[in-house]
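Chemist: turn this into a model:
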Amino acid sequence: MAPSSTHTPPAPFGRILTAMVTPFTASGDLDLDAAQRLASLLVDAGNDGLVVSGTTGESPTTTDAEKDALLRAVLEAVGDRAVVVAGAGTNDTRHAIELSQHAEKAGAHGLLVVTPYYNKPPQAGLLAHFRAVADSTGLPVMLYDIPGRTGMPIATETLIQLAEHDRIVAVKDAKGDIAGTTEVLARTNLAYYSGADEWNLALFALGAVGAVSVVSHVASKDYAAMVRAVDAGDLATARAIDRRLVPAYQAIMTRSQGAIMAKAALELLGVIPSRAVRLPLVPATDEQITQLEADLQEAGLTS
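Modeler: A predicted model of the protein is given here:
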């Protein structure tokens, strides 16, 4: 179904969602109390949605039982005032279906389903995989297109075909294909969410309805202000916010892996008690923390 040229899709998962880290204790155990505090602080700061157990939530190294416990804890903390989306994608369709059904049972409001990684299925396999997961629950699905991690992009024509499914309603776009994104927006009703912080403003200008962000761990208020500015047609203000946040993008997304640096920033700001991550990730070094503090100060994100 092709939208009209003036069509603006709704934002089925909210506007600003943080791809939330999963707090661990210093010994590496799941810290549900810290997760609930973090979820509440993020929503208070301007997020109207959260993604739990995404890549930034270290989903490759948490068990299914931990994912379930984390989701239930976050829903208990903020589920009545924010959209809580469960990461449920794997490179095994049967496992992704199981995670999706468990998330629905726990009360998730939606699913984030990443492209199957490592096994590099053909586009026909991607179609079958995403449709099978979407068929397995009654929850709305956000596809996650990030070929830099998965090794396989979701082709433009595949996205257009997937848009025909009633429950596939959105895309988290970290592909960086402006022409392809524009074509999908022109030919479908899929809601687009920026999946790379450095692309947020560019994708908002194309018609993305929001962002699933890592930097929003420390910049939620700024992103909410950016969205308001774009909605009001005030691109000068949106650009000013985006440019001021460049040091934060660099600090969290380029100096190491995003989960590592987001946790380091949250510990630095006193939001979580530990920057512990699970191998094969390693915590930020003291030298990285020193640079991080300077970067956040330059971005206006510390007092």
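Chemist: how about the nearest residue to Y117, chain neighbours excluded?
Modeler: Among residues not flanking Y117 along the chain, T150 sits closest, at 4.0 Å (Cβ to Cβ, 6 or more residues apart in numbering). Heads up, the C-betas are built off the backbone N, CA and C, glycines and all.
Chemist: so L126 lies in a helix, does it not?
Modeler: Yes - L126: assigned to a helix according to DSSP: H, G, I helix; E, B strand; the rest coil.
Chemist: does it touch E157 like I think?
Modeler: No - taking contacts as Cβ atoms under 8 Å, L126 lies outside contact range of E157: 10.9 Å.
Chemist: more neighbours: which of these two?
Modeler: More crowded of L126 and E157, by other Cβ atoms under 10 Å: L126, with 23 against 14.
Chemist: that one and R167: what is the separation?
Modeler: 16 Å (Cβ to Cβ, to the nearest Å).
Chemist: ok, now how distant is the nearest residue to S136 once chain neighbours are set aside from A128?
Modeler: Spatially, and ignoring its direct neighbours in sequence, S136 is nearest to I97 (4.4 Å; Cβ to Cβ, 6+ apart). Note on I97: its distance to A128, by Cβ to Cβ, is 12 Å.
Chemist: looks to me like L111 is in a strand.
Modeler: Yes - under three-state DSSP, L111 sits within a strand.
Chemist: so it sits against L143, correct?
Modeler: No - between L111 and L143 there is no contact under Cβ under 8 Å: 9.6 Å.
Chemist: for V43, what are its contacts?
Modeler: Applying Cβ atoms under 8 Å, 6 or more residues apart in numbering, we find V43 in contact with 50, 78, 81-82.
Chemist: biggest separation within those residues, which pair?
Modeler: Within these, L50 and R81 form the most distant pair, 10.7 Å apart (Cβ to Cβ).
Chemist: so the two - more neighbours on which side?
Modeler: Comparing L50 with R81 by neighbour count (other Cβ under 10 Å), the higher total belongs to L50, at 31 against 11.
Chemist: identify the residue spatially nearest to the more buried one, adjacent ones excluded.
Modeler: In space, and not counting its chain neighbours, L50 is closest to M20: 5.1 Å by Cβ to Cβ, 6+ apart.
Chemist: okay, that neighbour and A108: tell me how far apart.
Modeler: Distance, M20 to A108, by Cβ to Cβ: 13 Å.
Chemist: same deal with T181?
Modeler: According to Cβ to Cβ, T181 stands 26 Å off from A108.
Chemist: so which strand or helix has the residue nearest to S136?
Modeler: Per DSSP states H and E: I97 is located in helix 93-106.
Chemist: who does that helix touch, helix- and strand-wise?
Modeler: helix 64-78, strand 83-87, strand 110-114, helix 123-135 (3 or more Cβ pairs under 8 Å, 6 or more residues apart in numbering; DSSP states H and E).
Chemist: please identify the buried residues of it?
Modeler: Under the neighbour-count criterion of 16 or more other Cβ atoms under 10 Å, helix 93-106 has 93, 96-97, 99-100, 102-104, 106 buried.
Chemist: poorly predicted segments of the chain, please.
Modeler: The chain contains residues with pLDDT under 70 at 1-9, 303.
Chemist: one more time with 50
Modeler: The chain contains residues with pLDDT under 50 at 1-8.
Chemist: what are the ranges of the helices in it?
Modeler: Using DSSP state H, the helices of the chain run over 32-44, 64-78, 93-106, 123-135, 147-150, 156-162, 178-187, 200-206, 216-231, 235-244, 246-253, 258-268, 286-298.
Chemist: out of those, indicate the one that is most buried.
Modeler: helix 258-268 (a mean of 24; mean count of other Cβ atoms under 10 Å).
Chemist: got the CA positions of that one in PDB?
Modeler: Provided in PDB are the C-alpha atoms of helix 258-268 (Å, rounded to 0.1, in the frame of the first residue of the first chain):
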ATOM      1  CA  GLY A 258      28.500   1.600  22.700                       C
ATOM      2  CA  ALA A 259      27.400  -0.500  25.700                       C
ATOM      3  CA  ILE A 260      30.800  -0.100  27.200                       C
ATOM      4  CA  MET A 261      30.900   3.600  27.000                       C
ATOM      5  CA  ALA A 262      27.200   4.100  27.800                       C
ATOM      6  CA  LYS A 263      27.700   2.200  31.000                       C
ATOM      7  CA  ALA A 264      30.900   4.200  31.700                       C
ATOM      8  CA  ALA A 265      29.000   7.400  31.200                       C
ATOM      9  CA  LEU A 266      26.100   6.300  33.500                       C
ATOM     10  CA  GLU A 267      28.600   5.300  36.200                       C
ATOM     11  CA  LEU A 268      30.500   8.600  35.800                       C
END
